[in-house]
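Enquirer: requesting a structural model of the entry that follows:
(2 chains)
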2 protein chains.
Amino acid sequence: MTIIGVGLLGGSVGLAIKEWDPSVKIAGVGRRQAGMDEALALGAIDTAHLDSAEAVDQADLVILATPVGAFEAHLRAIASRLKPSVVITDVGSTKAIVARVARRVLGSKAPFVGSHPMAGSEQKGVAFARPDLFCGATCIITPTRLTPPRATRAVEALWRALDARTLRMTPTSHDRAMSRVSHLPHALSSLLMMLPTKGDLPITAGGFRDTTRLAGGDPEMWRDIFLTNRNAILSAIDTFDESLMQLRDLVELGDAQGLEKFFAAAKKRRRLTLGNH
Amino acid sequence: MTIIGVGLLGGSVGLAIKEWDPSVKIAGVGRRQAGMDEALALGAIDTAHLDSAEAVDQADLVILATPVGAFEAHLRAIASRLKPSVVITDVGSTKAIVARVARRVLGSKAPFVGSHPMAGSEQKGVAFARPDLFCGATCIITPTRLTPPRATRAVEALWRALDARTLRMTPTSHDRAMSRVSHLPHALSSLLMMLPTKGDLPITAGGFRDTTRLAGGDPEMWRDIFLTNRNAILSAIDTFDESLMQLRDLVELGDAQGLEKFFAAAKKRRRLTLGNH
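Expert: Numbering: from 1, shown residues only, chains lettered A, B, ... in the order given. Alright, predicted model coming up:
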């Protein structure tokens, strides 16, 4: 197995695979020797490489775990060095653009099946990698009509071996759903963080803290998500903005019944879908 | 002392006062005998009354702890029965309207000084009352230019006795600040809860859960807050909407630098003001 990009996610895949079956040989690829040395010392990889082309020729499975922006260059570098039986996957947060890039670069040389393990944290780097990071998490697998079923099954088997729950979606429906349940929430959280004046900040309470927690995320990762899921995010912003303007009308009109009905509907939906806590 | 409305907040004031000084006599006022019996059994009050007028003639301090919408009727009922030395306060979440109502109804009969203890939870009712609810919390005290200093000091002394930290603001600046750090976050949280389609909900993760936590709040309480802080909330909505449209522009233009700068500014502001966790 080859892991390209051995940070929090890539490193955790390595540690978890080693815990599941220590006999699996893992080649790691990274930009800096120091990071590679750290990954070797932690036991997340067996061999370290600064060049992805030289690390894939024996791999049955290649996992892209760098920022999404670096995928294309790595795919180009490895395309002609792959075993015929290889399967390629990734751990990125947006899937449609990545699927298109992989199809364009790899053609019929190797099947690519996107993965989005919904795990991670605000922490960065292999130092925070944990073998149980994916344990109990949901991992969305995004085959397309062109994906060979054996490739989809191989990627599902990987995540199940790491104790994740797998769920299939198309790349496009993944990106649309994520724009609503993850990307827009991140945008709102960051915008809200910028709203209070300096004088307001001493009186913020737990609610403000919870609602802005996502704003603590890595700016480069979120930049890439917003660049690679543009249309779905624009659509989510527009739908949200329309609902914000409807609420504004209720406030301006002093519509007691309408306001109570709105808050009650949101409370009820939360209880039914997320429970009380 | 008289507590009008013995629910979570009113009941917690009673329990905390009794813990601070068991000799203070507390008259409680409620709408239902069952709630009053529960408050008596828990030791939050000494005597129970269904009529506020008959519960205030010996009080040095009267605390309104009903929903804000019921304040005016109670103030009218008690206005002519108060001791000359009495001080009146409340525990409501908006302050400017309440201050105006109190001035109009009470005139020079008694000083009213608003309080907003920033404590509570999604729970309702005296059964959830706790003597330590205000311990370490911030309580905003909102005197006006017309408030006698002794009344302000009496209300501050009350909250400090309950181990809260007090902070003075004018009613209007309180409401404006709250529209940004509490009321708009609640609106965003509730709107976000309504955004995903049914199919999206199985893939929501911790971030969505945190960002929508406020949507679990009591719909009647939030209706009243949005009715009684209309102008400040409209202004917060408009400011927020403008920033959402600026972000929308960055997304539509694919402005990598602008997006990263925005996310980095929000992350930095959160770290500097709220810390990392």
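Enquirer: the lowest-mean-pLDDT helix or strand in chain A close to chain B?
Expert: None of the helices or strands of chain A scores lower by mean pLDDT, DSSP states H and E than helix A:206-211, at a mean of 91. Yes - using CB under 8 Å from any CB of the partner chain, we find that helix A:206-211 touches chain B at A:207-211. Quick note: C-beta positions are derived from backbone N, CA and C, even for glycine.
Enquirer: residue B:134: which of those is nearest?
Expert: In terms of CB to CB, no member of those lies closer to residue B:134 than residue A:207, at 16.7 Å.
Enquirer: contacts only, for that closest one.
Expert: B:182, B:185-186, B:189, B:213-214 (CB atoms under 8 Å, 6 or more residues apart in numbering or on different chains).
Enquirer: most neighbours, which of these?
Expert: Using other CB atoms under 10 Å in any protein chain shown as the neighbour criterion, residue B:185 leads the contacts of residue A:207 with 29 neighbours.
Enquirer: is it true that it touches residue A:193?
Expert: No - the criterion here is CB atoms under 8 Å, and residue B:185 misses it with residue A:193 at 10.2 Å.
Enquirer: so what sits against both of those two?
Expert: Common contact partners of residue B:185 and residue A:193 (CB under 8 Å, 6+ apart): residue A:212.
Enquirer: same list, the residues of helix A:206-211 next to chain B, but as a markdown table with distance to residue B:138 please.
Expert: Output for the residues of helix A:206-211 next to chain B, formatted as a markdown table (distance: CB to CB, whole Å):
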| residue | distance to residue B:138 |
| --- | --- |
| A:207 | 13 |
| A:208 | 12 |
| A:209 | 13 |
| A:210 | 17 |
| A:211 | 18 |
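Enquirer: what distance do you get for whichever residue of the stretch 1-150 of chain A sits closest to chain B to residue A:251?
Expert: Distances between the stretch 1-150 of chain A and chain B by CB to the nearest CB are smallest at residue A:118, namely 4.8 Å. Per CB to CB, to the nearest Å, residue A:118 is found 35 Å from residue A:251.
Enquirer: kindly report the same for residue A:88.
Expert: 51 Å.
Enquirer: so for the two, which residue has more residues nearby?
Expert: Neighbour totals were compared for residue A:88 and residue A:251, and residue A:88 leads with 27 against 21 (other CB under 10 Å).
Enquirer: contacting residues for the closest residue to residue A:174 other than its chain neighbours?
Expert: Distances taken as CB to CB, 6 or more residues apart in numbering or on different chains place residue A:95 nearest to residue A:174, at 4.6 Å, with adjacent residues excluded. Residues counted as contacts of residue A:95 (CB under 8 Å, 6+ apart) are A:114, A:116, A:140, A:142, A:171-172, A:174-175.
Enquirer: just residue A:230 next, same as before
Expert: B:251-252, B:254.
Enquirer: can you check residue A:261 too?
Expert: Residues in contact with residue A:261 (CB under 8 Å, 6+ apart): none are found.
Enquirer: can you tell me the SS state at it?
Expert: Remark: residue A:261 carries the secondary structure label helix [criterion: DSSP: H, G, I helix; E, B strand; the rest coil].
Enquirer: got the domain ranges for chain A?
Expert: Using automatic domain parsing, the domain ranges for chain A come out as A:2-169, A:174-274.
Enquirer: who are the contact partners of the closest residue to chain B within the stretch 51-200 of chain A?
Expert: Residue of the stretch 51-200 of chain A nearest chain B, by CB to the nearest CB: residue A:190 (3.6 Å). Shown in contact with residue A:190 (CB under 8 Å, 6+ apart): A:212, A:214-215, A:222, B:262-263, B:266-267.
Enquirer: same question, residue A:75
Expert: Neighbour list for residue A:75: A:64, A:88, A:101-102, A:105-106 [criterion: CB under 8 Å, 6+ apart].
Enquirer: could these go into TSV alongside pLDDT, distance to chain B and secondary structure?
Expert: Listed next are the contacts of residue A:75 as TSV, based on pLDDT from 0 to 100; distance: CB to the nearest CB, whole Å; DSSP: H, G, I helix; E, B strand; the rest coil:
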residue	pLDDT	distance to chain B	secondary structure
A:64	97	20	strand
A:88	98	23	strand
A:101	95	16	helix
A:102	96	21	helix
A:105	96	21	helix
A:106	95	25	helix
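Enquirer: quick one, what contacts residue A:46?
Expert: Residue A:46 neighbours (CB under 8 Å, 6+ apart): A:25-28, A:40.
Enquirer: what stretches of chain A score poorly on pLDDT?
Expert: Low-confidence segments of chain A, defined by pLDDT under 70: A:121-122, A:276-277.
Enquirer: what are the boundaries of the strands in it?
Expert: A:2-4, A:27-29, A:47-49, A:61-64, A:87-90, A:114-117, A:138-142, A:165-168 (DSSP state E).
Enquirer: contacting residues around the last one?
Expert: Contact with strand A:165-168 is made by A:136-143, A:152, A:156, A:159-160, B:202-203, as judged by CB under 8 Å, 6+ apart.
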